[in-house]
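okay, predicted coordinates and the sequence, questions at the end:
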Amino acid sequence: MKIDVQLCGLAINLVLLYFIIKHESVGLFSEKVFKLCIAVYTSCVVLDILSIVVIAYDTKYPDMVVMAVCKLYLCLIVTTGFCGFFYTYSDILHLRENDMMKKGLLGFLAFGCFCIIALPVKYHHEGSTIYTYGAGVIATYIFAAIFIVCTIICTYKYAKHMSLHRRRAIRAWMYIEIVAAVIQFFNPEQLIVGFASSLGLFILYSELENPEVYHDRLAGCFSRDTFSMYIKQVYADIRKFSSIIVCNSDEWKMEEEQARRILVSMAEFLGSFGEAKLFRLDANDFVLIYDKKEQEMNEIESAVNLDIIRQRFSKGWGTDEPVITKFLYIPNNSTVSSQEEYIALYQRYRDSFEADEISKTLDETAGERIREFNQMKQEIKNALKEERIEVFYQPIYSIETEKFVSAEALARMRGKDGKLVMPGKFIPVAEETGLISAIGERVFEMTCKCIKERNLVEMGVHYVEVNLSVAQCENPELSAIYDEIMKKIDLKPEYINLEITESSTLSQRSILLDNMNKLMNIGCSFSLDDFGTGESNLNYIVDMPVKIVKFDRSMIQDYFSNDRAKVVMKATVGMIKELGLKIVAEGVETEEQVEGIKALGIDYIQGFYFSKPLSTNDFVKFIETKNAS
């Protein structure tokens, strides 16, 4: 008997089974299907060997037994083809959940097996050469080939649903099966189909299903990518779970080796809660997922464990520098409705803790805020696409000339119903999602066009102020982008003043300074917005090459209601004026405030006393009327 190749295939399958059983399973659907594939393929190799044995010793067994073993082996060959196709579409949710497709595939498999059983199968035994042939064998090749071809087609038709890595591994698996089948079809004595199947499984294991792929190498628990796949599947299957998210501070002030040791210790401690699955998230964060069938049991276990975990983390990890840890507790995953919303919930709230707050429970209210956030994010994207972003202008009054010589350009957004959306609703979302850069560029371009096309300079408007977000300030390409816009519109840069906000969160200050210098070199000027609300104050003025300082509304209001604020304000105005800078007072609302501001020696006034922000047409009419008198 020539069963060396089959024994090699069996050995490969048994080794794969050993490593799969040895490692903890995360419970992904593809993992379960792969285990089914190994079970079927191993059974197929065993029956391949068994069929050779019964044929070799056919005189010792009844013909019925020999035929039963041979036909069962042939049926399993078709079943391996079915498993290959089943594994391939297991990641494609709408196919996986299609009951009609499942029933159709199982029916086709059953029909194939029926044909094999019903059709005659013969065998050849001459010396050590053993093989089967006949109509039943032909049927086996046909049905197996159909499944293999469908598998390959699936990797092309649904390529967008699979990673390139996955598509290539599955195709390699199928091509090996095809080559082996062709060789054995034309050389029936070469019994290599079973071994080829095992070799294909080995490739799949190495490339896709190796348990190590799902683990974080450093911490030893499941990885961030595995977490995303797992959560996506849990929500697709409408399963309930509760979770504890351990949020460690982003920067650990210690040596790398010590940080690694602490991370491993944390993972080992958190991994000791065997009823939960442990994943490492971004940076040094972890999440424990409790996903038993009963949601009430999940909540009880996670709540108890949260107290134990908090107590352990409060003791520290044996370092001089403490590791600051906060905890997010999500008792019920139905707080949000999808993997994307769950990730957004985590990212949004991990940095929302107060200084003395240790843990935060995220309930339906938190979920509703995330949904509103996502809806507004999509609304901003649609508004940018559908050109529903507008610019309103608030006039700025010059005390010296008694004219309106400037204005601040303000972003506004209209909803689909035509009504304006309050800036306080969409601006924070735009800043958090990075869409503020696109809004800023749109506002800048529209402002440049307004200055040029509406002849604002001829009406006495010397320049228009345009806000820059922190994200824009940290973009190395900002100066080039704005320069190109001004050249396209043919607008002189001196008609543009760019507002920056004093911010302790601006991490790339060198990039901002580089952008400022490049834009000032071509003629733009800069002003410091919201002065008095940040942490930098006068130091910021010294560091930044601005020409104008804008006092925040709160600073103005305090001046008229607080005696100490008056002293500070007068001293501040004196210092800024000595530096040769101009001052704008924002938020001026009454005549009393106007007179007080004038007495202080401030240069410009902006506020509702003169005008609220106006649409382009209304602003042009306002300037024409006021500056003409």
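Arrived safely, thanks for sending.

list the helices and strands the longest helix along the chain packs on?
Across the chain, the longest stretch assigned as helix under DSSP state H is helix 29-56. Secondary-structure packing of helix 29-56 (3 or more Cβ pairs under 8 Å, 6 or more residues apart in numbering; DSSP states H and E): helix 4-22, helix 63-88, strand 122-126, strand 129-133, helix 193-204. (Glycine included, C-beta is placed from N, CA and C.)

what about residue 299, helix or strand, and which?
Secondary structure from DSSP states H and E places residue 299 in helix 295-314.

strand partners (parallel or antiparallel) of the following helix or strand past that helix?
Sequence-wise, the next helix or strand downstream of helix 295-314 (DSSP H and E) is strand 325-330. If you go by DSSP bridges, strand 325-330 pairs up with strand 242-248 (antiparallel), strand 359-361 (parallel).

look up how far residue 613 lies from residue 366.
Shown here: residue 366 relative to residue 613, a distance of 33 Å by Cβ to Cβ, to the nearest Å.

how about the strand or helix carrying residue 558: buried residues?
Assigned by DSSP H and E, residue 558 belongs to helix 553-559. By neighbour count on 16 or more other Cβ atoms under 10 Å, the buried set for helix 553-559 is 553, 555, 556, 558, 559.

can you name the residues that contact the last one?
Meaning residue 559. Residue 559 makes contacts with 565, 566, 569, 596, as judged by Cβ atoms under 8 Å, 6 or more residues apart in numbering.

for it, which non-adjacent residue is closest in space?
Of all residues not flanking residue 559 in the chain, residue 569 sits nearest, at 4.6 Å (Cβ to Cβ, 6 or more residues apart in numbering).

equivalent analysis for the first one, please.
Nearest in space to residue 553, with sequence neighbours left out and distances taken as Cβ to Cβ, 6+ apart, is residue 587 at 2.5 Å.

residue 66 too?
Using Cβ to Cβ, 6+ apart, the closest residue to residue 66 is residue 54 (4.8 Å).

and the one you found, how far from residue 140?
From residue 54 across to residue 140, the span is 17 Å (Cβ to Cβ).

between these two, which one's more packed in?
Between residue 54 and residue 140, counted using other Cβ atoms under 10 Å, the more crowded position is residue 140 (28 against 20).

surely the more buried one touches residue 78?
Yes. Judged on Cβ atoms under 8 Å, residue 140 makes contact with residue 78 at a distance of 5.9 Å.

show me what contacts the closest residue in space to residue 349 that isn't next to it in sequence?
In space, residue 349 comes closest to residue 328 once its chain neighbours are excluded; the distance is 5.8 Å by Cβ to Cβ, 6+ apart. For residue 328, the contact set (Cβ under 8 Å, 6+ apart) comprises 244, 245, 247, 346, 349, 350, 359, 360, 362.

how about a cut-off of 10 Å?
Taking Cβ atoms under 10 Å, 6 or more residues apart in numbering as the contact definition, residue 328 lies against 243-247, 285, 287, 345-346, 349-350, 352-353, 359-362, 366.

ok, now residue 142?
Contacts of residue 142 by Cβ under 10 Å, 6+ apart are 78, 112, 115.

for those, give me JSON lines that also has distance to residue 123 and neighbour count.
Shown next, in JSON lines, are these (distance: Cβ to Cβ, whole Å; neighbours: other Cβ atoms under 10 Å):
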{"residue": "78", "distance to residue 123": "18", "neighbour count": "26"}
{"residue": "112", "distance to residue 123": "20", "neighbour count": "24"}
{"residue": "115", "distance to residue 123": "18", "neighbour count": "19"}
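
a markdown table for those residues, including distance to residue 239 and pLDDT?
Converted to a markdown table, the contacts of residue 142 look like this (distance: Cβ to Cβ, whole Å; pLDDT from 0 to 100):
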| residue | distance to residue 239 | pLDDT |
| --- | --- | --- |
| 78 | 33 | 93 |
| 112 | 34 | 94 |
| 115 | 39 | 95 |
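
dump these to CSV, plus distance to residue 132.
Shown next, in CSV, are the contacts of residue 142 (distance: Cβ to Cβ, whole Å):
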residue, distance to residue 132
78, 14
112, 16
115, 15
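
and those residues, which is closest to residue 270?
Residue 270 lies nearest to residue 78 out of those, by Cβ to Cβ, at 45.6 Å.

from what I see, the residue nearest to residue 553 and residue 555 are in contact.
Yes. In this structure, residue 587 is within contact of residue 555 by Cβ atoms under 10 Å, at 8.5 Å.

okay, now the unreliable bits of the stretch 301-450 of the chain?
Of all residues in the stretch 301-450 of the chain, none has pLDDT under 70.

wait, the residue nearest to residue 66 sits on residue 132?
No. Residue 54 is beyond contact range of residue 132, at 11.1 Å (criterion: Cβ under 10 Å).

shared neighbours, these two?
Each of 66, 67, 70, 73, 123 lies in contact with both residue 54 and residue 132 under the rule Cβ under 10 Å, 6+ apart.

can you give me the distance of the nearest residue to the second one once chain neighbours are set aside to residue 23?
By the measure of Cβ to Cβ, 6+ apart, the closest residue to residue 67 outside its immediate chain neighbours is residue 121, 6.4 Å from it. Summarising the geometry, the distance separating residue 121 from residue 23, computed by Cβ to Cβ, is 40 Å.

partners of the helix or strand where residue 410 lies in the sheet?
Element membership for residue 410 (DSSP H and E) is strand 403-414. Strand 403-414 pairs in its sheet with strand 389-398 (antiparallel), strand 420-421 (antiparallel), strand 463-467 (parallel), by DSSP bridges.

okay if I get these as JSON lines plus mean neighbour count and distance to residue 540?
Shown next, in JSON lines, are these (neighbours: other Cβ atoms under 10 Å; distance: least, Cβ to Cβ, whole Å):
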{"stretch": "strand 389-398", "mean neighbour count": "22", "distance to residue 540": "21"}
{"stretch": "strand 420-421", "mean neighbour count": "16", "distance to residue 540": "31"}
{"stretch": "strand 463-467", "mean neighbour count": "23", "distance to residue 540": "16"}
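
so which of the ones you listed gets nearest residue 488?
Among the strands paired with strand 403-414, strand 463-467 sits nearest to residue 488 (Cβ to Cβ), with 15.9 Å.

C-terminal to that closest one, what's the next element?
Per DSSP H and E, the first helix or strand lying C-terminal to strand 463-467 is helix 470-473.

pull the residues that contact that following helix.
Residues outside helix 470-473 that contact it (Cβ under 10 Å, 6+ apart) are 430-441, 444, 478, 481-482, 498, 500-501, 503, 505-509, 511-513, 515-516.

secondary structure class of residue 287, three-state.
strand (DSSP: H, G, I helix; E, B strand; the rest coil).

ok, now which ones touch it?
Contacts for residue 287 (Cβ under 10 Å, 6+ apart) come out as 221-222, 224, 227, 231, 243-247, 270, 276-281, 328, 330, 342, 346.

of these, select the buried ones using a PyMOL command.
Selection command for PyMOL covering only the buried members of the contacts of residue 287, criterion 16+ other Cβ under 10 Å:
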select buried, resi 221+222+227+231+243+244+245+246+247+270+276+277+278+279+280+281+328+330+342+346
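
now do residue 276 against residue 302, distance only.
Computed as Cβ to Cβ, the residue 276 to residue 302 distance reads 7 Å.

find the residues that touch each one of those two.
Common neighbours of residue 276 and residue 302 (criterion: Cβ under 10 Å, 6+ apart): 241, 242, 243, 244, 288, 289, 290.
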